[in-house]
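Chemist: any chance you can model this:
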Amino acid sequence: MHPVLFRFPDWLPLLGGRAIYSYGFMLGISFIIGWTLCHRWASREGMPEKQITRALLTIIIMSLVGSRVFYFIYNPDRWAGLGGFLRFDSGGLVAYGGLILGTLTGYLYLRFVARTDFWNFADHAAPGMALGLGFTRIGCFLFGCCYGRQTDSWLGMQFPMWSGESAVRLGQRGAPAFVDHFRALGDGQPYEHLAIQASHAERAARAAAAGAGELAHQVHMAFEAKYQALGALVMGGHSHSVYPSQLLSSLGGFLIFAILLILHRHRRFRGQVLLAFAGSYAIVRFFLEMIRVDFQGGILGPLSWNQVVGIAIVGLVIPGWIYQKRRSPLAPGESGYVRDKEDQKPSQAGKRGSHSTREGHDRPTSSRKDSRRKTSKGNR
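Modeler: The predicted structure is shown next:
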């Protein structure tokens, strides 16, 4: 795979020698496309430019923070202080964390700061969120994280051992799938220690120390099998064959985007698109977790943390759908944007002004009628 897409030439000012990583590149594309779609739809309905920009910036920043927070909630042993938390280039982002915290802070900003309808804005943002998931999972595939269980089926793919620039820049010897498989065979020990232990002398010494006869032979054969597997993994230069859960997740994101795009054109109440996105992604992610096996999302009984979160989201989507359908219906073709009270005051004042103007025009008319009557009486 390609964890580093390309590197700027050394002679280039400021950017010279810097590498562009595949996951970060795909994440950037996701934000750009999501921003463009949401901005286009919201501005068409008359939402002020400043409100759109500030809302999107708030959501993007907090989604990055939320994805990082959830990563350390799932993996508390990887916490390395605030400095480590801010190292976004070292990976460790959880999709659910970004979606949940980004949505929550978006609601607080739009409801209490911008004083406009959150659900309508979220309907414009949801399709871009689904499309973003499709692109970011391609980044996961190129890096080799978020991989699936081992399989011998035709769907299986292998992730490589790295060498050269990728290994130096990323500080590890291969894609996460390769590294995790290697460590699993070596009881979690570093690569360098395993390379030393793999010597024939070490294996023979361990077998002899275990005792004589059948027991020594069994221990020797066990070490032999383990180191043969390690050697095959290293010599082959790639991980075991696993399900490409990243590509399946990406496909799910693109399919959800297509459905939301149609729903966005024919929505019947505010919040329909966002709720459809949340429910559909939770269902897709629930089943994808069954074939994922990477370290993210510790186990809670038979379920992973992501499956538990997905069940909770579906449990909130169903009553939310019923409530919003009754509370905020939309007629076909009706704009969902609701101006805040401050925006409505000038229009109300304008109405009062026009009403008083009409009254002013009426009064001279009645006075002219009275003068005509007086004149006619005088002529008589």
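Chemist: how about the helices in the stretch 201-350 of the chain?
Modeler: 214-236, 245-265, 272-288, 305-327, 341-379 (DSSP state H, counting those that start in this stretch).
Chemist: who's in contact with the residue nearest to Tyr281 when sequence neighbours are not counted?
Modeler: Distances taken as Cβ to Cβ, 6 or more residues apart in numbering place Ile256 nearest to Tyr281, at 6.1 Å, with adjacent residues excluded. (Glycine included, C-beta is placed from N, CA and C.) Contacts here follow Cβ atoms under 8 Å, 6 or more residues apart in numbering; on that basis Ile256 touches 130, 133, 277, 280-281, 284.
Chemist: just the buried members of those residues?
Modeler: Neighbour-count burial (16 or more other Cβ atoms under 10 Å) applied to the contacts of Ile256 gives 130, 133, 277, 280-281, 284.
Chemist: so can I have TSV of the residues you listed showing distance to Ile52?
Modeler: Shown next, in TSV, are these (distance: Cβ to Cβ, whole Å):
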residue	distance to Ile52
Ala130	19
Leu133	22
Phe277	19
Ser280	25
Tyr281	24
Val284	29
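Chemist: closest to Tyr96 out of these?
Modeler: Tyr281 (9.1 Å; Cβ to Cβ).
Chemist: how close does the closest one sit to Gly253?
Modeler: Going from Tyr281 to Gly253 by Cβ to Cβ, to the nearest Å gives 8 Å.
Chemist: anything in contact with each of these two?
Modeler: 130, 133.
Chemist: need the nearest residue in space to Pro176, chain neighbours excluded.
Modeler: Cys145 (4.5 Å).
Chemist: part of a helix, is that neighbour?
Modeler: No - under DSSP: H, G, I helix; E, B strand; the rest coil, Cys145 falls outside any helix and is assigned coil.
Chemist: tell me, how many residues neighbour it?
Modeler: Residues within reach of Cys145, counting by other Cβ atoms under 10 Å, total 22.
Chemist: for Pro9, same thing?
Modeler: Neighbours around Pro9, by other Cβ under 10 Å: 9.
Chemist: who's in contact with it?
Modeler: Residues near Pro9 by Cβ under 8 Å, 6+ apart: 16-17.
Chemist: which pLDDT value belongs to it?
Modeler: As predicted, Pro9 sits at a pLDDT of 82.
Chemist: and what of the one 4 residues further on?
Modeler: Pro13 is assigned a pLDDT of 83 by the prediction.
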